[in-house]
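Engineer: Give me a 3D structure for the following:
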Amino acid sequence: MRPVTDTSIPSADQSVDDEIPAAAATETDEGAAGTREKKAPADSDLFRQSEIAADYVEGLLDILDYDGDIDELVSGGRPVVEVVGGRLQSLVGQRGATLEALQELARLAVFRQTGTPSRLLLDVGGYRAARRKELAAVAKNAVEKVKEHGESVRLEPMSAFERKCVHDVVNAMSGVESESEGVEPNRRIVVRPIAD
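Structural biologist: Numbers count the residues shown, from 1 in each chain. A predicted model of the protein is given here:
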């Protein structure tokens, strides 16, 4: 594996939410003593990232004069910040667009303090949990169509979070596979039968 020297935060079309292979949990870093392994962040580091992001989000809520309870935690090996309260729908926006932007701002706040890109997940008003259930149904429906007709099915364009949810469901089912195609903001998933 070649040394990683780019410390820039991923751009929108290099989203850290897309499929991240297990091998990506470690990467090499050129140090003064040569090449050394860099381990996946510890839970304490991930929790610190969620605390930084929670402070940032709390500041935004204060500026906007919104009330919300903020929880920071680590789930699935990534930092998570959840905001719960009434009158928060405008922070989600149409199809989660505002939420995605707020998540990127929170990730930048973490990056500024830690110097490390974050896979932080921000949820407001339970939007992501509800959307995950909707996407599971979309994925299962697409798999049924593929198995019934034997032809690929293209889904509507989705955010990186949404595509990850669909890939997770499709990859857990036999006889089908999924792949992302296209360029943001029109990147979409194609579900196809696995050739025998």
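
Engineer: all contacts plus neighbour counts: C-alpha atoms, from now on.
Structural biologist: Will do.

Engineer: what about the helices in this structure?
Structural biologist: Ranges of helices within the chain are 43-64, 89-92, 97-114, 127-149, 160-171, based on DSSP state H.

Engineer: Figure out which of the ones you listed is closest to residue 79.
Structural biologist: Evaluated with CA to CA, the helices of the chain place helix 43-64 nearest to residue 79, the distance being 5.0 Å.

Engineer: what does stretch 78-93 rub up against?
Structural biologist: Contact with stretch 78-93 is made by 46-47, 49-50, 53-54, 66-74, 98-100, 102, 118-127, as judged by CA atoms under 8 Å, 6 or more residues apart in numbering.

Engineer: Mind checking which of the residues you listed are buried?
Structural biologist: Using 16 or more other CA atoms under 10 Å as the burial test, the contacts of stretch 78-93 include 46-47, 49-50, 53-54, 68, 70, 72-74, 99-100, 102, 118-125, 127 as buried.

Engineer: thinking again about what came up before, most tightly surrounded among the helices of the chain?
Structural biologist: Across the helices of the chain, averaging neighbours per residue (mean count of other CA atoms under 10 Å) puts helix 160-171 on top, at a mean of 20.

Engineer: so what secondary structure elements neighbour that helix?
Structural biologist: In terms of contacts (3 or more CA pairs under 8 Å, 6 or more residues apart in numbering; DSSP states H and E), helix 160-171 is packed against helix 127-149, strand 176-181, strand 188-193.

Engineer: Can I get these in JSON lines including distance to residue 155?
Structural biologist: Output for the helices and strands packed on helix 160-171, formatted as JSON lines (distance: least, CA to CA, whole Å):
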{"stretch": "helix 127-149", "distance to residue 155": "8"}
{"stretch": "strand 176-181", "distance to residue 155": "10"}
{"stretch": "strand 188-193", "distance to residue 155": "6"}
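
Engineer: Adding mean pLDDT and distance to residue 82, write the ones you listed out as JSON lines.
Structural biologist: JSON lines is the format used below for the helices and strands packed on helix 160-171 (pLDDT from 0 to 100; distance: least, CA to CA, whole Å):
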{"stretch": "helix 127-149", "mean pLDDT": "94", "distance to residue 82": "10"}
{"stretch": "strand 176-181", "mean pLDDT": "93", "distance to residue 82": "27"}
{"stretch": "strand 188-193", "mean pLDDT": "94", "distance to residue 82": "27"}
